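1. how does the following fold in three dimensions:
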Amino acid sequence: MSTLSALANVMGTAVTAVPPAGPTNQGSDVLLRLVGRMTYGFTAQEWELAKSLGAQGYIAHHLNYTGIDDSEVEAVLAGGYWTLGYTPHQLWQLYCDSNFDASVILEHLIGSTTLRAVRSRRQLFERMVEFWSDHFSIYLFADLAFLLKTHDDANVTRKHALGKFKDLLRASAKSPAMLTYLNNNTNVKEHPNENYARELMELHTLGVDGGYTQRDVQEVARCFTGWTIYPIGTPLNALAYRFDASKHDAGPKTIFQGTPNELYIAPGGEIQGQKLLDALARHPSTARFISKKLLRRFWGENPPIEMVDQVAGVFTATDGDLKAVMGAVLSMNVILSTPSKYKRPFHLLVSTLRALDAKIDRWDYLAGLAYNAGHYPFLWPAPNGYPDALGYWSSLQLTRWNIGSWLIDSRVPGTVINVGKCMAGAIGTEGVMDRIEDMMLGQPLKTAERNSLRKFLGVSGPTPPLSRIQDALSLAIACPSFQWY
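-> Predicted coordinates:
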């Protein structure tokens, strides 16, 4: 009974991709629901923080993320992740250095992403960074993205994750990683490239049903002619954003012609694209599209229309202030009605590491466990980002179970979960069961799950051997109460 396949036989139908009846590891306590929605997973420390602040105080605490002391994580990043603050030119210089292993750039990006998700005290901020990384998705191995995504992560998603949406949109439009990924670096007046223009409206702002036409795509593409990057070899500025006026179509443009949102853009240069971005950020379709996506991530897969309208109203009234928008997403009437959500693989990995207080020396290795389940940071090949839908993730059961099994068995280099330390002071089967619930959920497992674990450990018996407890922890990670949140 040491493998997960054998453990699953003990659990029977409890280990499934179907949510258990009623709330999962949230109970009726709004604080547990908030911790589940706002973080990458329950920890005793986070739970104590939520209880000490109360619901409104806890929300305000995480929205004011710059006021949260994250010095421990920042110290680790400063000590070993030195490429994170590099400019495109500096990253290119590293890549060209024959004595430098360019894979270090990716190790720093992936390792720091995992480190921050697990250890950062700015948990809502990190979840927002992941959300925007999906929204403005850039495939890591497309063209120069393996270099430029590091700069994009620091200067687009992280810089503006809880700022103004219009600033986030502007930063993305000028990101060298986005410019090259969606080919706008080749968008010139003689031969307009419509790729970025189409994805800008379909994926970044209005949504596929947001009321634009093919003519609008063409007009938007004209606005962004000349938005490109400095050529490789340019001193100091190689691969950085530049506006090339000689490649720009400076003529007038009309977007949404014949609609209440018709936009006329006078002849000009770079300002044409900037005006268009601001108009798209203020468009009512954008307010609804962004609000619905945020609710899908933080509430559930099919948010009610009245809930979308409520959040979109805040988006419009605050000019896309994302702190205010997230305040609406996390409001009591929203949180109290949250359905269970299935953790995506990276979320499952991180929540396991957080719950069991793993000792980690090599952060870049860990994401490989999520990769095996189809979810590695920045590796979705299309510009629409990793799906936020149960139907996509529910078929990868074995690889999900293996995440817990590999971690508990210390089969990931540089990562150790000290089960003995986790169970210190837990006496007998019931004591072990209570400790598992306290560490991983903050409340009891569902009755069927607890009974199955008790049966595996030995009902009402003495403290089980450590190897048996290790297998029980693997099984607990596979329980619906932990797989769902």
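
2. from here on, just use CA atoms for contacts and neighbour counts.
-> Noted.

3. low-confidence bits of this structure, can you list those?
-> Applying pLDDT under 70 to the chain picks out residues 1-28, 460.

4. let's see that with 90 instead.
-> Scanning the chain for pLDDT under 90 picks out the ranges 1-30, 143, 233, 333, 364, 394-402, 410, 454, 458-464.

5. what helices or strands is the helix or strand where G79 lies leaning on?
-> G79 belongs to helix 71-80 when assigned by DSSP states H and E. Here helix 71-80 touches helix 103-119, going by 3 or more CA pairs under 8 Å, 6 or more residues apart in numbering; DSSP states H and E.

6. give me the number of residues near M38?
-> 23 (other CA atoms under 10 Å).

7. buried set for stretch 245-259?
-> Residues of stretch 245-259 classed as buried by neighbour count (16 or more other CA atoms under 10 Å): 245, 247-250, 253, 255-256.

8. would JSON lines of the residues you listed with distance to D70 and secondary structure be doable?
-> JSON lines is the format used below for these (distance: CA to CA, whole Å; DSSP: H, G, I helix; E, B strand; the rest coil):
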{"residue": "A245", "distance to D70": "43", "secondary structure": "helix"}
{"residue": "K247", "distance to D70": "44", "secondary structure": "helix"}
{"residue": "H248", "distance to D70": "44", "secondary structure": "coil"}
{"residue": "D249", "distance to D70": "46", "secondary structure": "coil"}
{"residue": "A250", "distance to D70": "46", "secondary structure": "coil"}
{"residue": "K253", "distance to D70": "46", "secondary structure": "strand"}
{"residue": "I255", "distance to D70": "44", "secondary structure": "strand"}
{"residue": "F256", "distance to D70": "45", "secondary structure": "coil"}
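
9. what are the boundaries of the helices in the stretch 101-250 of the chain?
-> Ranges of helices within the stretch 101-250 of the chain are 103-119, 123-135, 145-152, 158-160, 165-173, 176-181, 195-199, 214-223, based on DSSP state H, counting those that start in this stretch.

10. reformat these as TSV; add mean neighbour count and distance to G207.
-> Listed next are the helices of the stretch 101-250 of the chain as TSV, based on neighbours: other CA atoms under 10 Å; distance: least, CA to CA, whole Å:
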stretch	mean neighbour count	distance to G207
helix 103-119	20	28
helix 123-135	22	11
helix 145-152	24	22
helix 158-160	18	21
helix 165-173	21	14
helix 176-181	25	18
helix 195-199	21	9
helix 214-223	21	13
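
11. re earlier: buried set for the helix holding G79?
-> 73, 77.

12. P267 reaches G273, doesn't it?
-> No: the criterion here is CA atoms under 8 Å, and P267 misses it with G273 at 11.1 Å.

13. neighbour count winner among those two?
-> Ranked by neighbour count (other CA under 10 Å), P267 and G273 place G273 first, with 22 against 13.

14. for that one, helix, strand, or coil?
-> Following DSSP: H, G, I helix; E, B strand; the rest coil, G273 is assigned to helix.

15. nearest residue to it in space, ignoring adjacent ones along the chain?
-> With sequence-adjacent residues excluded and distances taken as CA to CA, 6 or more residues apart in numbering, G273 is closest to C223, at 5.0 Å.

16. measure the residue minimising distance to the centre of the chain to P267 for me?
-> For the chain, the residue nearest the mean C-alpha position is E130 (2.1 Å; CA atoms, centre = their mean). Going from E130 to P267 by CA to CA, to the nearest Å gives 37 Å.

17. go on, L200?
-> Distance, L200 to P267, using CA to CA: 21 Å.

18. okay, now Y81: neighbour count?
-> Per other CA under 10 Å, the neighbour tally for Y81 reads 18.

19. so which residues of the stretch 351-485 of the chain form helices?
-> Assigned by DSSP H, counting those that start in this stretch, the helices in the stretch 351-485 of the chain fall at 363-372, 390-393, 397-408, 419-422, 428-440, 447-457, 466-478, 480-483.

20. identify whichever of those lies nearest to Q45.
-> Checking these against Q45 by CA to CA gives helix 428-440 as the closest, at 9.9 Å.

21. distance of S285 relative to V325?
-> 15 Å.

22. re the thing from before, now the helix holding G79 against helix 103-119, angle please.
-> Helix 71-80 and helix 103-119 are oriented at 170 degrees to each other (axes from the mean of the first three to the mean of the last three CA atoms, to 10 degrees).

23. how far off centre is helix 71-80?
-> 21 Å (CA atoms, centre = their mean, to the nearest Å).

24. neighbouring contacts of that helix?
-> Applying CA atoms under 8 Å, 6 or more residues apart in numbering, the external contacts of helix 71-80 come out as 112, 115-116, 119-120.

25. quick one, domains of this protein?
-> According to automatic domain parsing, the chain comprises the domains 4-26+342-483, 64-163, 286-335.

26. just send those domains back as TSV, with distance to Y196 too.
-> Below are those laid out as TSV (distance: least, CA to CA, whole Å):
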stretch	distance to Y196
domain 4-26+342-483	10
domain 64-163	11
domain 286-335	17
